[in-house]
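Visitor: This is a predicted model, with the sequence first.
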Amino acid sequence: MTFLKPGKKQTRASTSSVIRSELMEKDADSTLIGSNEQGDQLVKVRHGRKPVILPNSDIDRIMECLVCSKPMYPPIQQCPSGHTLCLDCKSKVNNKCPVCRKEIGNIRCLVLEKLAVSFPLTCRYHDLGCEKMLPYYSKVKHEAQCIFRPYSCPHPGSDCSIMGDVPTLLAHLRESHKVDLQTGSTFNHRYVKQDPCSVDSVSWTLTLFNCFDRYFCLHFEAFRLGNEPVYMAFLRFMGEDSEATKFVYCLEVGGNGRKLTWQGVPRSIRTHHRSIRDSHDGLIIQRSLALYFSGGDRKELKLRVTGRIWKEL
């Protein structure tokens, strides 16, 4: 997976050795717990008072299970030699320490469990704007929902591994996927497909829209619903669901004096386009109706989808 983020000038602190000496001189009753060779946040503990603060990378190493390499949570198991692992992995190694091969027994590492709740950590998306300081045991849950975490590329035509913020993805979509960007809250999308009676695999188009200082993705997909080819159009919002719910959109397709209309709320690009398609949350056109809208020509499908986006007051 490739993670793109905008260029940002980084500043470095003094070297760890200089900071270590300064801390010791300023506070003799403080203990230096961790350091970072690249000069990131160092840590000191004022005995009995201040919480411990370690660089995230150091904490990850300390709290990493020797077996599954995942973060450990209580009850943390410990062998007689002091090697630690999570409870779920204890049975995986037949109750023998994977390092020293001693019987693990039923020893809990209470010191490590208490240490984990005693210091705050920065969110892993701190460089992208998150300023929260989090206890170790709530850090993973927060990061799974952090609004500053990068978005996946919303292009449906490939398993693109690019991730980034909205401006980064906009540039990527236009440069790498050649996606068209239109401005305005109304649109008129023309979809043409050869041999409309055959949908052997999913096909799609994607268009970007900029309105209300936000960006939207219009999807138009052809796929099989059971044994019947269908066509579907829906809108996704390039941002969080909490923002997406502030907007409404409508889609309309028709011909020969008939029309089909859909109104809905755009879904965030956090939701995969396949999930939206499979939930039928959009304008769905059966093949027979699509052919009728096209004038009955069974050799070429020509559909014109019009739409509008507006903001709820």
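Guide: Yep, it's here.

Visitor: which intervals of the stretch 101-250 of the chain have sub-threshold pLDDT?
Guide: 158, 195-202 (pLDDT under 70).

Visitor: any idea whether residue 169 is helix, strand or coil?
Guide: helix (DSSP: H, G, I helix; E, B strand; the rest coil).

Visitor: what's near enough to touch it?
Guide: Residues in contact with residue 169, defined by Cβ atoms under 8 Å, 6 or more residues apart in numbering, are 4, 151, 153-154, 162, 238. Every C-beta, even on glycine, is put in place using the N, C-alpha and C of the backbone.

Visitor: Of the residues you listed, keep whichever come out buried.
Guide: Applying 16 or more other Cβ atoms under 10 Å to the contacts of residue 169, the neighbour count classes 151, 153-154, 162, 238 as buried.

Visitor: Farthest-apart pair in these, please.
Guide: Spanning the widest gap among the buried ones among the contacts of residue 169 are 162 and 238, at 13.9 Å by Cβ to Cβ.

Visitor: show me where the chain has helices.
Guide: Secondary structure of the chain by DSSP state H: the helices cover 16-26, 56-62, 87-90, 110-116, 136-145, 166-176, 241-244, 273-278, 287-293.

Visitor: Could I get the full set of strands for the stretch 151-300 of the chain?
Guide: 151-152, 162-164, 180-183, 186-194, 203-211, 214-225, 228-237, 247-255, 258-264, 267-268, 283-286, 300-311 (DSSP state E, counting those that start in this stretch).

Visitor: for those strands, which one ends up most surrounded?
Guide: Burial of those is given as mean neighbour count (mean count of other Cβ atoms under 10 Å); strand 228-237 ranks first at a mean of 22.

Visitor: now the angle between strand 186-194 and it, please.
Guide: Interaxial angle, strand 228-237 versus strand 186-194 (axes from the mean of the first three to the mean of the last three Cα atoms, to 10 degrees): 150 degrees.

Visitor: Using PDB, write down the CA coordinates of strand 228-237.
Guide: Provided in PDB are the C-alpha atoms of strand 228-237 (Å, rounded to 0.1, in the frame of the first residue of the first chain):
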ATOM      1  CA  GLU A 228     -29.800  -9.700 -15.300                       C
ATOM      2  CA  PRO A 229     -27.500  -6.900 -16.500                       C
ATOM      3  CA  VAL A 230     -28.300  -3.700 -14.700                       C
ATOM      4  CA  TYR A 231     -26.800  -0.200 -14.700                       C
ATOM      5  CA  MET A 232     -26.300   1.900 -11.600                       C
ATOM      6  CA  ALA A 233     -25.400   5.500 -10.800                       C
ATOM      7  CA  PHE A 234     -24.500   6.900  -7.400                       C
ATOM      8  CA  LEU A 235     -22.600   9.700  -5.700                       C
ATOM      9  CA  ARG A 236     -19.800   9.500  -3.200                       C
ATOM     10  CA  PHE A 237     -18.400  12.400  -1.100                       C
END
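
Visitor: If you count contacts, what does it end up packed against?
Guide: On a contact count with 3 or more Cβ pairs under 8 Å, 6 or more residues apart in numbering; DSSP states H and E, strand 228-237 meets strand 214-225, strand 247-255, strand 258-264, strand 267-268, helix 273-278, strand 283-286, helix 287-293, strand 300-311.

Visitor: if you average pLDDT over each of those, which comes out lowest?
Guide: Out of the helices and strands packed on strand 228-237, helix 287-293 stands lowest, with a mean of 87 (criterion: mean pLDDT).

Visitor: just how off-centre is that one within its chain?
Guide: 37 Å (Cα atoms, centre = their mean, to the nearest Å).

Visitor: go on, stretch 144-157?
Guide: 4 Å.

Visitor: buried set for that stretch?
Guide: Buried residues in stretch 144-157 (16+ other Cβ under 10 Å): 146, 148-151, 153-156.

Visitor: now do stretch 87-103
Guide: Under 16+ other Cβ under 10 Å, the buried positions of stretch 87-103 are 89-90, 93, 97.

Visitor: Now do that stretch: distance from first to last residue.
Guide: Terminal residues of stretch 87-103 lie 14 Å apart, using Cα to Cα, to the nearest Å.
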